[in-house]
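A.B. asks: predicted coordinates and the sequence they were generated for:
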Amino acid sequence: LKNLQSKIWIENFCDLLFLFENKFIVCYYFHMLKIEIENKENIYYINLAGDIDYNYEVELKSRLETLFSSVKTTVIDLKDVHYIDSIGLSIMTYYKKQLMKYKKKLYFYRPYEQIKKVFLMTRFDQIIPIIETEDEFQKIEREG
């Protein structure tokens, strides 16, 4: 690809498009994980977008580890996560165990339908509760 003229990130489709010799070449399976962390009083609100998989294990784990002792509750918004592999599940389990040491709470918020099905089939929702509505989220915020 010596004559690569430009590349365009199409975030909605999570695909990388190359313009090469006046033709678009699509490279699928190039997915990024965006991690946004916001401290809302006594709650860490973590918005994840992309895929939670082995490619981002180190980055996600290190970002989550910095939050262990700071606040009472963590809410992870999964509405923009469309794929999670066993490594992703193990990271969430590890984070939950670490929070339990500090007597902290962890919730998943608005998981994408396919992710929610995986959580329900594996009973992962019994380890980390799922909140789905704004009302449930506001209740968690009030309880802190």
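C.D. replies: Yep, it's here. Keep in mind it's a predicted model, so treat the numbers as computed, not measured.
A.B. asks: please name the nearest non-neighbouring residue to residue 143.
C.D. replies: Among residues not flanking residue 143 along the chain, residue 73 sits closest, at 7.6 Å (C-beta to C-beta, 6 or more residues apart in numbering). (C-beta placed from N, C-alpha, C; glycine too.)
A.B. asks: burial count for the one you found?
C.D. replies: 19 (other C-beta atoms under 10 Å).
A.B. asks: got it, and residue 59?
C.D. replies: By other C-beta under 10 Å, 11 other residues sit near residue 59.
A.B. asks: quick check, pLDDT for it.
C.D. replies: On the pLDDT scale, residue 59 is placed at 88.
A.B. asks: same question, residue 130
C.D. replies: For residue 130, the model assigns a pLDDT of 96.
A.B. asks: what's it in contact with, if anything?
C.D. replies: 107, 108, 109, 111, 116, 119 (C-beta atoms under 8 Å, 6 or more residues apart in numbering).
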